[in-house]
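K.L.:
My questions concern the predicted model and sequence given below.
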Amino acid sequence: MRAKLIMITSITMMLVACGGISVSKLPSLSAYKMEINQGNMITSEMRRKLKVDMTKPQVQAVVGTPLINDAFHSDHWDFVYRLEKDGKLIERQRMTLYFENERLARIDDSNMPVLPAVIAPIKVE
């Protein structure tokens with residue numbers, strides 16, 4: 001009998017103590033949203049290396065291959081890059097390279113913000 005009374009009193013005290021906590025004071029829990037990089041990031045250094053009249057292999061050595069090879073429009077390459085963080089679009093860039101006779105004829109980078117060059121990794125000894 002005494003044990004039941006102690007247990008009921010303990011449970012009542014715990015419930016009273018928890019009554020002062022409001023839901024707004026509890027930390028909000030949400031799913032982790034990772035940073036998502038999609039596409040080919042073109043830095044300003046890579047863009048400066050592109051010159052009209054370069055061959056396709058030379059262009060490919062500078063900026064890499066486009067993610068999508070369009071069989072119907074092999075005379076131009078589209079490079080698209082998107083960065084999403086916490087489910088929100090942070091950055092988007094697009095560059096189109098036009099070729100004539102397998103040589104770079106025109107660069108359309110009007111929709112591309114200028115990105116800093118990637119810093120080379122430091123060698124650790």
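P.N.:
Nice, thanks for sending it over. Residues are numbered from 1 along each chain as shown.

K.L.:
what packs against the longest strand along the chain?
P.N.:
Longest strand in the chain by number of residues, with DSSP state E as the criterion: strand 88-100. Judged by 3 or more CB pairs under 8 Å, 6 or more residues apart in numbering; DSSP states H and E, the packing partners of strand 88-100 are helix 56-63, strand 76-85, strand 103-108. In this view, the C-beta of every residue, glycine as well, is placed from N, C-alpha and C.

K.L.:
how far is that strand from where the chain is centred?
P.N.:
Offset of strand 88-100 from its chain centre (CA atoms, centre = their mean, to the nearest Å): 14 Å.

K.L.:
Direction included, what does it pair against?
P.N.:
Next to strand 88-100 in the sheet, as set by DSSP bridges, lie strand 76-85 (antiparallel), strand 103-108 (antiparallel).

K.L.:
Show me which positions of the longest one end up buried.
P.N.:
In this case it means strand 76-85. Of the residues in strand 76-85, those with enough neighbours to count as buried (16 or more other CB atoms under 10 Å) are 77-81, 83-84.

K.L.:
The closest residue to Ala105 other than its chain neighbours pairs with what?
P.N.:
When the adjacent residues along the chain are set aside, Ala105 lies closest to Tyr98, with 5.1 Å between them (CB to CB, 6 or more residues apart in numbering). Each beta-bridge partner of Tyr98 is listed here: His76, Arg106, as defined by DSSP bridges.

K.L.:
How many residues are close by Tyr98?
P.N.:
Under the neighbour criterion other CB atoms under 10 Å, Tyr98 is assigned a count of 14.

K.L.:
still on that earlier bit, contacts for the longest strand of the chain?
P.N.:
Strand 88-100 is contacted by residues 41-42, 47, 50, 56, 59, 63, 75-84, 104-109, 111-113, 115 when judged by CB atoms under 8 Å, 6 or more residues apart in numbering.

K.L.:
so can I have CSV of the strands paired with strand 88-100 showing distance to Ala31 and mean pLDDT?
P.N.:
Putting those into CSV (distance: least, CB to CB, whole Å; pLDDT from 0 to 100) gives the following:
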stretch, distance to Ala31, mean pLDDT
strand 76-85, 14, 88
strand 103-108, 38, 93
